[in-house]
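Engineer: how does the following fold in three dimensions:
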Amino acid sequence: MEVADVLLFLLAIAGGALPVGAFAAWRYHVNKVRELQRQLDVADAPEARAADLERIVESLAQQVDQLASGQEFLTRLIAKREQQELPRVEAPKAITPH
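Structural biologist: Predicted structure coming up:
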């Protein structure tokens with residue numbers, strides 16, 4: 001084996017390892033930046049959560065008011081129908097095939 005062959009072999013190994021190492025370092029730092037960003041988001045989270053919770057509670061209150069209005073309407077409607085005498089209709093006799 002000549003010295004040139006050994007140097008070419010070492011250069012090929014170093015040339016292949018350098019991009020792999022650079023990629024691994026890049027991925028490590030990308031993950032680290034994401035983790036730090038999540039930590040910053042968590043620090044701001046109480047105010048955002050409080051605002052979201054307030055918005056949700058207001059929306060829920062509006063929906064409960066709408067349900068209460070609907071319930072009052074149905075109660076009035078049932079009370080009016082109870083006051084009116086509706087004609088009784090006999091149910092037809094069911095004929096079932098044998």
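Engineer: quickly note the distance from residue 80 to residue 12.
Structural biologist: As judged by C-beta to C-beta, to the nearest Å, residue 80 and residue 12 stand 93 Å apart. (Each C-beta comes from the backbone N, C-alpha and C, glycine too.)
Engineer: what about the helices in the protein?
Structural biologist: With DSSP state H as the criterion, the chain has helices at 3-83.
Engineer: spatially central residue for it, please.
Structural biologist: Nearest to the mean C-alpha position of the chain, by C-alpha atoms, centre = their mean, lies residue 52 at 13.7 Å.
Engineer: and the pLDDT at it?
Structural biologist: pLDDT for residue 52: 85.
Engineer: ok, now residue 62?
Structural biologist: 95.
Engineer: ditto for residue 82
Structural biologist: 77.
Engineer: please apply the same query to residue 65.
Structural biologist: With respect to pLDDT, residue 65 scores 94.
Engineer: could you do residue 10 as well?
Structural biologist: At residue 10, the model reports a pLDDT of 68.
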